[in-house]
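Novice: need a structure here:
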Amino acid sequence: MVIIETIRNLIRPGTLAVRLTANIIAGHLLLTLLGNNGPAISHTLLTILITAQILLLILEAAVAIIQSYVFAILRTLYSREVN
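Specialist: Here you go, the predicted model:
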């Protein structure tokens, strides 16, 4: 039982880091994929694309704020369990 708890306490920070990294990369990847289509489309679609990019940027900022809050809460909970 002690070995399982020790492994769990060692893995939890890693899973938190992977989760945060995946959320950050997903937003950047979506913005990059949409941004690469800009030169090949008409002006009307370009306006829609720019609007969509701005909205996605706002969404990504909101996700970053939420992720920082979740990171702080989980870090506090994990450190309380270890001590």
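Novice: helix, strand or coil for the residue nearest in space to the middle of the chain?
Specialist: Most central in the chain under CA atoms, centre = their mean is residue 23, positioned 2.1 Å from the mean C-alpha point. Under the three-state scheme (DSSP: H, G, I helix; E, B strand; the rest coil), residue 23 adopts helix.
Novice: got the residue ranges for the helices in the chain?
Specialist: Under the criterion DSSP state H, helices of the chain are mapped to 2-35, 43-82.
Novice: Adding mean pLDDT, write the ones you listed out as CSV.
Specialist: Listed next are the helices of the chain as CSV, based on pLDDT from 0 to 100:
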stretch, mean pLDDT
helix 2-35, 83
helix 43-82, 86
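Novice: Contact partners for the closest residue to the residue nearest to the centre of the chain other than its chain neighbours?
Specialist: Spatial nearest neighbour of residue 23, excluding adjacent residues (CB to CB, 6 or more residues apart in numbering): residue 67 at 5.5 Å. Where you see a C-beta, it was placed from the backbone N, CA and C, and this is true even at glycine. Residues in contact with residue 67 (CB atoms under 8 Å, 6 or more residues apart in numbering) are 20, 23, 24.
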